[in-house]
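**Student:** just to be clear, the model below is a prediction. Sequence and coordinates:
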Amino acid sequence: MDNLRKIYDQSVETTRSLYERCRAFAIRTFTKDENSMKSSTVHPVNTNPLSSSSSPTAVQTQQPTPVHKVIMVGSGGVGKSALTLQFMYDEFVEDYEPTKADSYRKKVQLDDDEVHIDILDTAGQEDYAAIRDNYFRSGEGFLCVFSVSEIESFDAIHEFREQILRVKNDDKVPFILVANKFDLDQNQHRVSMNKAQELANSWNVPLYQTSAKTNFNVKEVFFALLREIHQRKLAGIEMAKSGNNIVQEERSTCCLCF
Ligand SMILES: Nc1nc2c(ncn2[C@@H]2O[C@H](COP(=O)(O)OP(=O)(O)OP(=O)(O)O)[C@@H](O)[C@H]2O)c(=O)[nH]1
Ligand SMILES: [Mg+2]
């Protein structure tokens, strides 16, 4: 009788685990609305989405929706995929399934503008460290995630930051430090928030505390990064325009000379 009971319990557990895995797989695979999609292949996308011309005809014609490329970075198991899925589909996945690389796209309203967010969820596991350079190169903004319950994941942040700065060759690249799993009990916290804040201050970047589980600060952190990327691109366009104006003014001055 005991044996029968054990077999019954095991089969219930197996069925439950299978159900959880299928559910997680379905969440990752199928899109929830027509404005969002997921792909496990990383597609190159428009690299200059806010490019604009100062000519009046270009302003009048409809501009394509800008695409802002966000890269999720951090050690294995810190919650990069959980944050991404929570942002994309308002779902929390309990199962841990290490990522190789997944990309997601969604149209969002960013203040007065409509933009596409393109999220590349990278692998935290060391096995995939060699391919990170390629992924980082395409990023326009980085969410660098550690888990408040794992000091090693906080220590690893330095290396990720160095790699990003080396690949991007730009120490002003939009970058946010994310202390995830904030929902865990205080007695499970291993990273001092004072230390995390000191690090963020020394890099002059924002620090956000988040929980993919309770959806705490998830939208906020993605939107904060989107805003930085957006403003940076707009500033670049303005600079390019004023550069053009200076060249044009110089040309007209030269014309007057002759
Ligand atoms: N309590 C709690 N658990 C979380 C949170 N975020 C993620 N987890 C859990 O942590 C585990 C790892 O989460 P993932 O999102 O798969 O981690 P990852 O950073 O994508 O890991 P890699 O793909 O290997 O790089 C899963 O079991 C999640 O359910 C959170 O905010 N709070
Ligand atoms: Mg993952």
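**Tutor:** On my side now, so go ahead. Ligands and ions are numbered 1, 2, ... in the order given.

**Student:** who in the stretch 1-150 of the chain is up against ligand 1?
**Tutor:** Applying CB under 6 Å from any ligand atom, we find that the stretch 1-150 of the chain lies next to ligand 1 at 74, 76-82, 93-94, 96, 98-99, 123-125. Where C-beta positions appear, they are placed from N, C-alpha and C, glycine not excepted.

**Student:** out of those, who's nearest Arg190?
**Tutor:** Distance to Arg190 across those (CB to CB) is lowest for Val78, with 12.3 Å.

**Student:** for Ser70, give the beta-bridge partners.
**Tutor:** In this structure residue 70 is Val, not Ser. When bridges are taken as DSSP bridges, the partners of Val70 come out as Ile119, Gly141.

**Student:** so what's it up against?
**Tutor:** Taking CB atoms under 8 Å, 6 or more residues apart in numbering as the criterion, Val70 is in contact with 117-120, 139-143, 222, 225-226, 229.

**Student:** apply 6 Å and report the result again.
**Tutor:** For Val70, the contacting residues are Ile119, Gly141, Leu225, by CB atoms under 6 Å, 6 or more residues apart in numbering.

**Student:** near ligand 2, from those residues?
**Tutor:** Among the contacts of Val70, no residue is within reach of ligand 2 (CB under 5 Å from the ion).

**Student:** output those residues in CSV; the columns should cover neighbour count and pLDDT.
**Tutor:** Shown next, in CSV, are the contacts of Val70 (neighbours: other CB atoms under 10 Å; pLDDT from 0 to 100):
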residue, neighbour count, pLDDT
Ile119, 23, 98
Gly141, 22, 98
Leu225, 24, 98
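
**Student:** quick one: the helices in the stretch 51-200 of the chain?
**Tutor:** Listed in chain order, the helices of the stretch 51-200 of the chain (DSSP state H, counting those that start in this stretch) span 56-60, 80-89, 132-137, 151-155, 157-168, 193-203.

**Student:** look at the closest residue to ligand 1 within the stretch 101-250 of the chain and report its pLDDT.
**Tutor:** Proximity of the stretch 101-250 of the chain to ligand 1 (CB to the nearest ligand atom) peaks at Gly124, 2.7 Å away. pLDDT for Gly124: 95.

**Student:** correct me, but it touches Gly79?
**Tutor:** No - Gly124 is beyond contact range of Gly79, at 9.5 Å (criterion: CB atoms under 6 Å).

**Student:** from the chain's centroid, how far away is stretch 159-167?
**Tutor:** In terms of CA atoms, centre = their mean, to the nearest Å, the centre of stretch 159-167 is found 15 Å from the chain centre.

**Student:** for stretch 69-79, same thing?
**Tutor:** Centre-to-centre, stretch 69-79 and its host chain are 7 Å apart (CA atoms, centre = their mean).

**Student:** pull up the distance across that stretch, start to finish.
**Tutor:** End-to-end span of stretch 69-79 (CA to CA, to the nearest Å): 19 Å.

**Student:** what does stretch 153-160 give?
**Tutor:** The first and final residues of stretch 153-160 sit 10 Å from each other (CA to CA).

**Student:** can you name the residue of the stretch 151-258 of the chain nearest to ligand 2?
**Tutor:** With CB to the ion, the shortest gap between the stretch 151-258 of the chain and ligand 2 falls at Ala212, namely 10.7 Å.

**Student:** still on that earlier bit, who's in contact with the residue of the stretch 101-250 of the chain closest to ligand 1?
**Tutor:** Contacts for Gly124 (CB under 6 Å, 6+ apart) come out as Gly74, Ser75, Gly76.
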